[in-house]
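>>> Would you be able to build a 3D model of this:
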Amino acid sequence: MTPWNDNPVLKVEHLTMRFGGLVAINDLSFNVGRGDITALIGPNGAGKTTVFNCITGFYKPTEGRLVMKQKKGDSFLLERMPDFKISARAKVARTFQNIRLFGGMTLLENLMVAQHNPLMLASGMSVAGIFGLAGYRQAETEAIDRAKYWLNRIGLIARADDPAADLPYGDQRRLEIARAMCTGPEILCLDEPAAGLNPKESAELNALLRFIRDEHDTSVLLIEHDMSVVMEISDHVVVLDYGEKISDGTPEEVRNDPAVIAAYLGVADEEVEVVEEEVGL
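Numbers count the residues shown, from 1 in each chain. Here you go, the predicted model:
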């Protein structure tokens, strides 16, 4: 039994997504282990973002189940939930390939926005907030402390009052991850978090993701094209090609899988050895 099958936080079961006559995902099954960093990789057009969109409620799958199991024992069928409940109740957070910060807001305000739901509940849907009642003041203090904690963690506490748009690209990436963590997720879905980062920024990202996994016991599911990031930090790698799973295992197992090599080189499985010789692999 592989570790991610022993105690999965998310089970993707026979997921199929069709757009008219196009089958984007075909009968896909895999697990995300609790406390693991799981990478979903594959060539462009393999269907990785479609899988994310199904998990986070942007798409409703044509077939299949998405079972989220929380630490306290609650289970949710994500395919039956609206997207805002997947975030609020099932505790699934997501970042996007294109950064979606509120550029005109400060760093602190961006992290406070992520905590809007619990603050609204504490305010009694605004009444307690308007009158500054004790329960709301406590919730607001906790939200600010949480925001400061993550700003400190990503090394940006000194810029808390600066507009998010003023940050360098790599800092914006980490701020977006910090904002997602302010929602208290049990699984964090990251769509190409290393895209556009230089080696120093990639190393900082790796350290942050390890910290999230190790210190906050948050499972991470990421789509990534940077194989140096994938192979360095992943516990488990799932490989897609044309919407189907072609490999599922440890980074070392996947690295040496002929089907994976063939998919990335764009050749048939039986031609892998010939091409490897030609390019010196």
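>>> Convert the C-alpha atoms of stretch 227-244 to CSV, please.
C-alpha atoms of stretch 227-244 as CSV (Å, rounded to 0.1, in the frame of the first residue of the first chain):
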residue,chain,number,x,y,z
MET,A,227,10.7,19.6,-13.0
SER,A,228,13.4,20.8,-10.6
VAL,A,229,10.7,22.0,-8.2
VAL,A,230,8.6,18.9,-8.7
MET,A,231,11.4,16.4,-8.1
GLU,A,232,12.8,18.3,-5.2
ILE,A,233,9.7,18.8,-3.0
SER,A,234,7.1,16.3,-4.1
ASP,A,235,6.2,13.2,-2.1
HIS,A,236,3.9,11.9,-4.9
VAL,A,237,3.6,12.6,-8.6
VAL,A,238,0.7,12.0,-10.9
VAL,A,239,1.3,12.3,-14.7
LEU,A,240,-1.4,13.1,-17.2
ASP,A,241,-1.3,12.9,-21.0
TYR,A,242,-4.4,13.7,-23.2
GLY,A,243,-6.6,13.6,-20.1
GLU,A,244,-5.5,10.1,-19.0
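>>> Do a quick rundown of the helices in this structure.
In the chain, the helices defined using DSSP state H lie at 3-6, 48-55, 83-88, 107-113, 116-122, 127-131, 134-153, 169-181, 199-216, 227-233, 251-255, 258-265, 272-279.
>>> closest to K71 out of those?
For the helices of the chain, the distance to K71 is smallest for helix 199-216, at 11.6 Å, taking CB to CB. Placement of C-beta: from N, CA and C, glycine included.
>>> Which residue is the nearest non-sequential neighbour of R89?
Distances taken as CB to CB, 6 or more residues apart in numbering place F76 nearest to R89, at 6.8 Å, with adjacent residues excluded.
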